Every structure is written in structure tokens, then in C-alpha cells.
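Asks: Predicted structure and sequence below. I'll ask about it afterward.
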Amino acid sequence: MDLTGELLIAMPGIGDTRFEHSLILLCSHEDDGAMGLIVNKPAEGVDLSNLLEQLEISPRSAEEAALPVRFGGPVETQRGFVLHSPEYKSNVSSLRVSEAFSMTATVDVLEDIAAGRGPEQLMVMLGYAGWGPGQLESEIASNGWLTAAATPDVVFALPDDAKWEAALRSLGVDPLTLSTSAGHA
């Protein structure tokens with residue numbers, strides 16, 4: 001089952017504090033593993049102006065530079081990713097994740113954002129979440145994650161602290177009823 005473009009909702013008791021209450025958009029899910037971006041965790045002490053300054057990119061205005069940066073995951077935390085609406089296409093390379101989402105990991109997207117030519121909807125992230133072959137499937141089977149349809153409203157429009165609960169509610173799940181232990185019939 002290909003989960004590319006779906007949301008992973010961390011279950012209570014996932015066992016890794018980096019993923020507690022995380023909501024991850026899966027950008028790739030194939031036989032050789034999976035890759036996703038956490039869409040609801042801020043990066044500590046960094047915003048887009050910090051990244052632009054490091055890359056010697058001058059923003060057109062303070063508005064372009066004021067975007068928050070999120071913790072995309074614990075792998076390659078110095079590497080940047082931009083999750084965005086699909087109307088934007090990088091001159092170098094953009095990955096179409098689904099009908100509603102694309103991802104670009106090249107510096108030209110930051111240059112376009114700084115110049116006011118970036119995507120209509122976007123999130124800048126440092127790092128990503130990754131799984132080896134069969135690892136994600138095993139974690140899902142062990143009650144580590146639920147999956148849900150990804151919508152731009154949940155990913156881009158809601159405040160970070162409301163996204164996890166909104167994704168659960170989209171499945172008809174009340175977060176207060178979740179247990180930290182898995183059951184098997």
C-alpha cells in the first residue's frame with residue numbers, strides 16, 4: 001500500500017519524544033523506505049530570515065523573511081525542504097507529492113520566496129523523517145501511527161498546535177479516547 005501524500009498521526013506512547021503529537025506528511029513511500037516531513041513542530045530558535053542570511057539571500061521585504069521554520073524530522077537536520085502548493089515549480093527540481101502538495105529541496109525556492117515569487121502556500125523545514133524498508137509498515141502495525149488523508153487546510157491553514165487533533169478528528173477519533181497500548185485480536 002502506497003501512503004505517499006497521506007498523513008501519519010503519531011499515537012500516544014509512540015516511544016520517541018521527537019515524534020510525540022507529530023503529524024507527518026509522507027512525501028515518498030516505496031519498497032526501499034519512506035520519507036516525510038513533520039508539519040506541526042517549530043524549529044527551535046530559527047526563522048526564514050536566519051536561513052536567508054546564511055545563504056546570502058536578501059529578502060524583498062521583512063514579510064518574506066518572517067516565516068517560521070519547522071522541524072521536519074530528525075534526519076539531516078541541516079538540510080532544508082519546502083513543502084508547498086503544487087502551482088509552484090522550481091527551475092531545478094520539485095517533487096509532486098500529490099494533487100495538493102509538492103516539495104522542493106533546492107535553494108532556488110528560497111530565492112523565489114525571498115523575491116515574492118514563491119508558492120502560494122508553503123512551509124520551510126529543516127530535516128526530515130525517514131524509514132528503511134518495511135520499518136514504517138512495522139510501526140503502523142505496532143500502533144505507532146494512524147494514517148489519514150492530507151488536506152491543505154490541515155497542513156497549511158491551521159496553527160501547529162491544532163493540526164494533530166484536527167487530523168485525528170478527520171478520522172472520527174477523539175484524542176481523549178486514545179490509549180497508549182496496542183491491542184491485537
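Replies: Structure's in. What do you need? Numbering: from 1, shown residues only.

Asks: May I see the buried residues of stretch 1-13?
Replies: 3-11 (16 or more other CB atoms under 10 Å). For every residue, glycine as well, the C-beta is placed using N, CA and C.

Asks: Oh, that last question was meant for stretch 33-41, not what I typed.
Replies: Neighbour-count burial for stretch 33-41, counted by 16+ other CB under 10 Å, picks out 34-41.

Asks: Stretch 161-169 now?
Replies: Applying 16+ other CB under 10 Å to stretch 161-169 flags 163-168 as buried.

Asks: Equivalent analysis for stretch 37-54, please.
Replies: Buried-residue list, stretch 37-54, by 16+ other CB under 10 Å: 37-41, 43, 46, 48-49, 51-52.

Asks: Could you work out the end-to-end span of that stretch for me?
Replies: Chord length of stretch 37-54, first to last residue, is 22 Å (CA to CA, to the nearest Å).

Asks: ok now it, how far from the chain's centre?
Replies: Relative to its chain's centre, stretch 37-54 lies at 12 Å (CA atoms, centre = their mean, to the nearest Å).

Asks: what are the bridge partners for the residue nearest in space to the middle of the chain, then?
Replies: Nearest to the geometric centre of the chain sits L37, at 2.9 Å (CA atoms, centre = their mean). According to DSSP bridges, the residues that bridge with L37 are L25.

Asks: Would you quantify the distance from it to F81?
Replies: Note on L37: its distance to F81, by CB to CB, to the nearest Å, is 6 Å.

Asks: just A148 next, same as before
Replies: For A148, the distance to F81 - CB to CB - is 21 Å.

Asks: The two: who's more crowded?
Replies: F81 (24 against 19; other CB atoms under 10 Å).

Asks: quick one, what contacts that one?
Replies: By CB atoms under 8 Å, 6 or more residues apart in numbering, F81 lies in contact with 37, 72, 103-105, 124-126, 128.

Asks: hmm, 6 Å instead?
Replies: Contacts here follow CB atoms under 6 Å, 6 or more residues apart in numbering; on that basis F81 touches 37, 72, 103, 105, 125.

Asks: and the helix or strand containing the third one, what's its mean pLDDT?
Replies: Read it as M103. Using DSSP states H and E, M103 sits in strand 102-104. For strand 102-104, the mean pLDDT works out to 96.

Asks: And the strands in this protein, which stretches?
Replies: 6-10, 23-30, 33-38, 42-47, 68-71, 75-84, 94-96, 102-104, 122-131, 145-149 (DSSP state E).

Asks: Pipe these into a markdown table and attach distance to V155 per row.
Replies: Shown next, in a markdown table, are the strands of the chain (distance: least, CB to CB, whole Å):
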| stretch | distance to V155 |
| --- | --- |
| strand 6-10 | 8 |
| strand 23-30 | 6 |
| strand 33-38 | 9 |
| strand 42-47 | 15 |
| strand 68-71 | 11 |
| strand 75-84 | 7 |
| strand 94-96 | 15 |
| strand 102-104 | 12 |
| strand 122-131 | 7 |
| strand 145-149 | 11 |
